[in-house]
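Student: Please work out how this folds:
(one chain, ligands or ions: 2)
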Amino acid sequence: MTIPDVPVYNHAPVTKEDLDWADLATIDMSNADTFEGRQALVKQVHDALKNEGFLYVVNHGLTQEQTERMFNLSDYAVENVTEEEKSRYVSKIREEGTYNGYKPRKLWHISNGVHDEIEQYNMNFRDILTKEHPQPLRPFVSEIDAFMKEAHSRIFNNLMRIIAMSLGLDEEHFIKMHDHSAHAETFLRFVKYFPHSEDDEEKSQNVWLKGHTDANSLTLLFSQPVSALQVMTKDGKWKWVKHVENAIVVNIGDSMEFFTGRYYQATIHRVRQPPADQRGFSRVGLIYFVMPHDEEDLHPVVESPLVKQMDLTKMRFIGGKVPRMEEYRRTRIAGYGNTQPKRAGAREDIEEEDFGGVVVQHYN
Ligand SMILES: O=C(O)CCC(=O)C(=O)O
Ligand SMILES: [Fe+2]
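Tutor: Ligands and ions are numbered 1, 2, ... in the order given. Coordinates of the predicted model:
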């Protein structure tokens, strides 16, 4: 089979604006393949997860060339597949609570009648090689699978080993719950954000993807030049995440918050309109979301002395009932961005909802 040429995706130039940047730690993973190398990173990772919940990793082993190739394919999946094929491979988000496949634009409600302008093609690590994909993507499936496997074994596994150590657990504690040995919803996301109309920008107060925590364990977001991602600091302020060349922006999601009894808390983040000098450009993304096996109960790991000392009555579990991963991710994915009214939270800009027995907040 001859592999077709994939056009180079030109990201917008880096913004020249001096935005209110988040102060995130940078973890150098050059030596993370050895036990000593990982041990040397424990304190830094611990402090970053405790304070910001977001960090950068650099020297992670994937080259700029490898990630740029995936960004090109990310754009290709949106631009080189017909609408007819997209609808044939549409993901069963509402029906089954899975992202696997195409997410069409305008599925999610933001506010005041404004819907998202985001297209995605999501590929699950468990079935990427056995599932059928749109014809233009087929020549690249084994390459994409190899990229995911490398991200998983080198970056995700080593980070999870460091996190386990930071909790006083055996290094391997979290590895088996996230591997290929059972069904997990872990996936790679190709995504393209399109600009909103002026009218929509006003109605939605420039929000492109509402504030949320991720439901999974760890998210590896490959840094790209269009500034739009913001994280909420502990004192409730939105700060911009700055682009770092060939870095991966890492954050923990709800599953790790549950496993750690809130010792580490998932950080709220959102996507908004880019600064003036990047407006009018599209924004192509590449994100690897790692989830625990569907069959895992999301209870705190009390073998950890740090988790054991936490007040477990403060968990977001409704009625103290520990959810299973499958139930939690299905209701979260199916219910996200619905138009039904939700009950107001403690603050006016926060909406709360019950997802699979867990209180989940959405921020505007
Ligand atoms: O596109 C981004 O920068 C972040 C997207 C995000 O938060 C998500 O897809 O969960
Ligand atoms: Fe997210």
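Student: partner residues bridging the most centrally placed residue in the chain?
Tutor: By CA atoms, centre = their mean, the chain has its centre lying nearest to T219, at 4.2 Å. On the basis of DSSP bridges, T219 is bridged to N251, F289.
Student: Now do the phi/psi pair for P136.
Tutor: For P136, the backbone dihedrals are phi -60, psi -20 (criterion: degrees, to the nearest 10).
Student: pLDDT value on it, please?
Tutor: pLDDT for P136: 98.
Student: That one is in contact with V81, isn't it?
Tutor: Yes - in this structure P136 lies within contact range of V81 using CB atoms under 8 Å: 5.4 Å. For every residue, glycine as well, the C-beta is placed using N, CA and C.
Student: Looking at those two, which has the bigger crowd around it?
Tutor: Between P136 and V81, V81 has the larger neighbour count (other CB atoms under 10 Å), namely 20 against 16.
Student: For V322, see how far away that one is.
Tutor: From V81 over to V322 the distance is 40 Å, taken as CB to CB, to the nearest Å.
Student: now swap in H152 and tell me
Tutor: Taking CB to CB, one finds H152 at 26 Å from V322.
Student: before we move on, what about F355?
Tutor: 14 Å.
Student: Please say which of those two ends up with more neighbours.
Tutor: Higher neighbour count among F355 and V322: F355, with 24 against 15, using other CB under 10 Å.
Student: Which residues does the more buried one form beta bridges with?
Tutor: Under the criterion used (DSSP bridges), F355 bridges to V358.
Student: List the contacts of it.
Tutor: By CB atoms under 8 Å, 6 or more residues apart in numbering, the contact set of F355 is 328, 331-332, 335.
Student: Now render those as TSV, adding secondary structure.
Tutor: Formatted as TSV, those follow (DSSP: H, G, I helix; E, B strand; the rest coil):
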residue	secondary structure
Y328	helix
T331	helix
R332	helix
G335	helix
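Student: which of those residues lies closest to ligand 1?
Tutor: R332 (11.1 Å; CB to the nearest ligand atom).
Student: From what I see, the closest one and V359 are in contact.
Tutor: No - between R332 and V359 there is no contact under CB under 8 Å: 11.8 Å.
Student: Looking only at neighbour counts, state which of those two leads.
Tutor: R332 (22 against 13).
Student: What confidence value was assigned to the more buried one?
Tutor: At R332, pLDDT is 92.
Student: Check the one 10 residues further on too.
Tutor: We note a pLDDT of 63 for K342 in this prediction.
Student: can you start the count at 205 instead of 1 from here on
Tutor: Happy to do that; since the first residue is 205 now, the last one works out to K546.
Student: and the residue nearest to the centre of the chain, what is it in contact with?
Tutor: T423 neighbours (CB under 8 Å, 6+ apart): 454-457, 491-494.
Student: what does H447 give?
Tutor: Per CB under 8 Å, 6+ apart, neighbours of H447: 218, 427-431.
Student: what about it, distance to ligand 1?
Tutor: 10 Å (CB to the nearest ligand atom, to the nearest Å).
Student: top helix in the chain by residue count?
Tutor: If you go by DSSP state H, the chain has its longest helix at helix 268-283.
Student: So which bits of the following helix or strand past that one are buried?
Tutor: Next in sequence after helix 268-283, counting helices and strands by DSSP states H and E, comes helix 287-292. For helix 287-292, the neighbour count (16 or more other CB atoms under 10 Å) marks 289-290 as buried.
Student: Assess the claim that E531 and G560 are in contact.
Tutor: Yes - in this structure, E531 is within contact of G560 by CB under 8 Å, at 4.5 Å.
Student: Same drill for those two, tell me which one is more crowded.
Tutor: G560 (23 against 16).
Student: which residues does the more buried one contact?
Tutor: Taking CB under 8 Å, 6+ apart, one finds 527, 531-536 in contact with G560.
Student: could you flag which of the residues you listed are buried?
Tutor: So, by 16+ other CB under 10 Å, the buried ones in those are 527, 531-536.
Student: Distance to ligand 1 added to those, as JSON lines?
Tutor: Formatted as JSON lines, those follow (distance: CB to the nearest ligand atom, whole Å):
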{"residue": "P527", "distance to ligand 1": "19"}
{"residue": "E531", "distance to ligand 1": "20"}
{"residue": "Y532", "distance to ligand 1": "15"}
{"residue": "R533", "distance to ligand 1": "13"}
{"residue": "R534", "distance to ligand 1": "17"}
{"residue": "T535", "distance to ligand 1": "16"}
{"residue": "R536", "distance to ligand 1": "11"}
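Student: one step back: closest to ligand 1 out of the contacts of T423?
Tutor: Among the contacts of T423, and counting by CB to the nearest ligand atom, the member closest to ligand 1 is I491, at 5.8 Å.
Student: picking that back up, among the contacts of T423, which are in reach of ligand 1?
Tutor: Contacts with ligand 1 within those, counted by CB under 6 Å from any ligand atom: I491.
Student: mind giving me CSV with the contacts of T423 and columns for distance to K441?
Tutor: Output for these, formatted as CSV (distance: CB to CB, whole Å):
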residue, distance to K441
V454, 21
N455, 17
I456, 20
G457, 21
I491, 24
Y492, 28
F493, 26
V494, 28
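Student: what ranges do the helices span in the stretch 355-504 of the chain?
Tutor: Per DSSP state H, counting those that start in this stretch, the stretch 355-504 of the chain carries helices over the ranges 361-370, 402-407, 458-463.
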